[in-house]
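my questions concern the predicted model and sequence given below.
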Amino acid sequence: MNTNVISHTQKRQGFTLVELVVVILVMGIVAAVAAPKMFDAAGDARINSTKQSLVVVRNAIELYKSKTGDYPGEGGEADLKADLVLYIQGQFPKNQIPDAPNDGTVAVSTAGTALTVGGTQDWKYDSTSGEFIINLTGYETY
C-alpha cells in the first residue's frame, strides 16, 4: 500500500491558496469601504469643534456686552482677546476646519455692516454689531 496517497477519510489541514485569496480580497473590500468613513469622522469632529468654539465666543461676547454695555474689542484683535479672557476658559479658540489658518487670529472690523469671508484670519468680528463668524467660505453662515 502506498503511504503517500491521502485517503478520503483523512482531514486536510490548512487553507488552499484560493481560499486565502478570497478572504484577503473580502477584507480589502471592507477596508476600502470603511476607511473613508473613518477619515470623514475626523473631519466632521474638526468642523463640530469649530462650531462649538463659535458658540462659546459668541456667548462670551454677549456676556461681556451685558456686563459692560459695550461690545468687546474696540481697539482690535488684542483688545478683543483681552476683553474676553474672563469669559473664555483657556486660550482663544482656533478654527479647526481644514484649509483654515488654524492660528486663532481674528480680523476685527468697526464698520457695523454684515461680515464677509476674506483675508487670512480664522475668525471675523465686528466690534460695532458684535457679529462673529468663521472666516472660511461655506462656513460663514453658522
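Sure, I can see it.

where do the strands sit along this protein?
For the chain, applying DSSP state E gives strands covering 106-109, 123-126, 132-134.

for Leu80, list the residues it contacts.
Leu80 sits next to 72-73, 106, 108, 125, 127 when contact means C-beta atoms under 8 Å, 6 or more residues apart in numbering. Any C-beta I mention is one placed from the backbone N, CA and C, and that applies to glycine too.

quick check: closest non-adjacent residue to the most centrally placed residue in the chain.
Among the residues of the chain, the one closest to the centroid is Arg46, at 1.1 Å (C-alpha atoms, centre = their mean). Leaving aside its sequence neighbours, Arg46 sits nearest to Gln96 (C-beta to C-beta, 6 or more residues apart in numbering; 4.0 Å).

what of Gly118?
Per C-beta to C-beta, 6+ apart, closest to Gly118 is Asn135, 7.4 Å.

mind listing what that neighbour touches?
95, 100, 107, 117-119, 121-124.

tell me the two of those that are most distant?
Asn95 and Gly118 (14.3 Å; C-beta to C-beta).

those two: which is more packed in?
Set side by side, Asn95 and Gly118 show more neighbours around Asn95, with 25 against 11, by other C-beta atoms under 10 Å.

what's the distance between the more buried one and Ile88?
15 Å (C-beta to C-beta, to the nearest Å).
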